[in-house]
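J.: The following block contains a protein sequence and its predicted model.
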Amino acid sequence: MQTRHFEDLKDKRLLNRGNSILNRLFAKSIYSIRQLASNDSEAKGIYRFLQNENVSEDDIIKNMTLNCVNAVGNKSVLCIQDTSEINLCNHKNRIKKDDSIGTIQDSFGIGFFIHPSFVLDSETLMPYGFSDVKVWNRSYEFDKKPRSHRYNLVPTQEKESYKWIESSLNTKKVLEQAKEIIIIQDREGDIYEQFCLIPDKKTHLLIRAKTNRILQGKQKLFEYLSNQPSQGTYTIELDGDRRKNIKKRTATIEVRFSEVTISANQYTNKTLPEKVTLYAIEAKEVSQDVENPIHWRLLTTKKVEDFETALLCIEWYTCRWIIEEVFRILKREGFNIEASELSQGKAIRKLCLMMLETIIKLFIMQIAYDITEETEPRSCFNEEEIECLEMQIRQLEGRTEKLKNPYNRSDLKRYIWAIARLGGWKGYLSERKPGITTFWIGLQK
């Protein structure tokens, strides 16, 4: 995997400044421009870059997708999509009310929305980047009152929910060289038009069902699926959560699946097929006396004719939590983009995109430490940073073999070991592997 950087901006000066900001965001892991910069001159340069009309959001997204394409090659990938809001309500008196931000949270706040498509290797979960990022805002007059039935007559392309279809179409175009694409979405993506427009021989949808659709024969999807014979069970270990009073447990999951045919409704575009054949999977926890047991119903365009394929689809869907981690690092428990001191919405939006690109490196570090294969160190660090980390390693290594760095210079794990040690990890291989929070602390040090 090659070094991640911008390749294509309008002039070399902007390109150098953009890559400098990316490097600083990764190395310092902070939202404050003043703290990113070494002096006032550098701070002014960053402000100017983010406010420059010659650097558009589309320019930044184009460079992000180039990094993704260069990494993917002819591989089978997962593309995980979800939406998050960037809430700037705490700075509403300082931020200029331009057309780059608007109302959020049912009209009780200001900010904008992001809808990234995060691409991972389907086998190793190594992150490759973003195949698409949609950024948008509502108007200040947006009022989310209950809509009349006439809203159903509005063309899908004009609805906010079109983001799911649009991002999937863009992903297909960007990742045309990929061997296979599995697009994973939560319940919001359960849209009939999407099942008609997106799938092809190498592109599949895997979406959690939202609607208890009426199937052929007037049966309802959820009841029909629950009445199918069990195809097998598996167990998983679930972590507890003291804050929510959830205890650690071993969950037994029963699996059912079946081919189903769903139909268009009266509001569906008449140019689309009237019926679509999919495969439905149910994963239901059968453990006794459990509050809020696991119960997933998944719809997929991938053919599911055996227990192993159903398990694979369920495993892929569990990867959806990764994009929640991306949002967590982008916001409160990481960069804290919502605390940015910038006063222009368009500048915050550009900074947000650059932070997303930077976050990819944190996930590369996490996954690289979990796999046995070597990963190129330059996928995260330049030569100067590698030499700096070599000096850190000499200071961090202990006297015993157990506290020596066991990895070669050709492996990214050697330098992740140093970052993790700086982040508070003790260094014993028998310990739990370091996580993203540990890497975050280590980078800041």
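T.: The structure has been received and is ready for your questions.
J.: Name all residues that make contact with T261.
T.: 215-216, 275-278 (C-beta atoms under 8 Å, 6 or more residues apart in numbering). The way it works is simple: take the backbone N, C-alpha and C, and place the C-beta from them, glycine included.
J.: Go again with 7 Å.
T.: Residues in contact with T261, defined by C-beta atoms under 7 Å, 6 or more residues apart in numbering, are 215-216, 275, 277.
J.: Torsion angles phi and psi at it?
T.: phi -120, psi 120 (degrees, to the nearest 10).
J.: partner residues bridging it?
T.: For T261, the beta-bridge partners under DSSP bridges are T277.
J.: gap between it and Y224?
T.: T261 is 11 Å from Y224, where distance means C-beta to C-beta, to the nearest Å.
J.: Overlap in contacts, the two.
T.: Joint contacts of T261 and Y224 (C-beta under 7 Å, 6+ apart) are L215.
J.: So, low pLDDT: which residues of the stretch 101-250 of the chain?
T.: Within the stretch 101-250 of the chain, the segments meeting pLDDT under 70 span 106-108, 142-153, 240-246.
J.: Secondary structure class of the residue lying farthest from the centre of the chain, three-state.
T.: Relative to the centre of the chain, the most outlying C-alpha is that of R399, 40.4 Å out, by C-alpha atoms, centre = their mean. Using DSSP: H, G, I helix; E, B strand; the rest coil, the three-state assignment for R399 comes out as coil.
J.: what does E53 give?
T.: Assignment for E53 (three-state DSSP): coil.
J.: which ones are touching it?
T.: Shown in contact with E53 (C-beta under 7 Å, 6+ apart): no residues.
J.: mind checking how far it is from A347?
T.: E53 is 11 Å from A347, by C-beta to C-beta.
J.: With G18 instead?
T.: Relative to A347, G18 is positioned 13 Å away (C-beta to C-beta).
J.: how distant is stretch 303-315 from the center of its chain?
T.: Remark: stretch 303-315 is offset 23 Å from the chain centroid, using C-alpha atoms, centre = their mean, to the nearest Å.
J.: tell me the mean pLDDT over it?
T.: Here stretch 303-315 scores 97 as its mean pLDDT.
J.: Going by neighbour count, which residues in it are buried?
T.: Neighbour-count burial for stretch 303-315 flags 304, 309-311, 313-314 (criterion: 16 or more other C-beta atoms under 10 Å).
J.: same thing with stretch 165-176?
T.: Applying a neighbour-count criterion of 16+ other C-beta under 10 Å, the buried positions in stretch 165-176 are 165, 167-172, 174-175.
J.: now swap in stretch 125-137 and tell me
T.: Within stretch 125-137, the residues scored as buried using 16+ other C-beta under 10 Å are 125-135, 137.
J.: again, but for stretch 364-378
T.: Buried residues in stretch 364-378 (16+ other C-beta under 10 Å): 364-369, 375, 377.
J.: Run through who's touching it.
T.: Stretch 364-378 is contacted by residues 1, 3, 124-127, 379-380, 386, 410-413, 415-416, 419, 433-436, 439 when judged by C-beta under 7 Å, 6+ apart.
J.: With stretch 272-285 instead?
T.: Residues from elsewhere that reach stretch 272-285 (C-beta under 7 Å, 6+ apart): 193, 195-196, 221, 225-226, 251-264, 293-304, 310, 313-314.
J.: again, only using 8 Å
T.: Contacts for stretch 272-285 (C-beta under 8 Å, 6+ apart): 192-193, 195-197, 209, 216, 221, 225-226, 228, 251-264, 293-304, 310, 313-314.
J.: Can you flag which of the residues you listed belong to helices?
T.: Counted as lying in helices by DSSP state H, out of the contacts of stretch 272-285, are 192-193, 195-197, 221, 225-226, 310, 313-314.
J.: which two in these are spaced the farthest apart?
T.: The largest separation in these, counting by C-beta to C-beta, is between L197 and S226 at 29.1 Å.
J.: These two - which one has more neighbours?
T.: L197 (17 against 13; other C-beta atoms under 10 Å).
J.: Disregarding flanking residues, what is the spatial nearest neighbour of the more buried one?
T.: In space, and not counting its chain neighbours, L197 is closest to I165: 6.1 Å by C-beta to C-beta, 6 or more residues apart in numbering.
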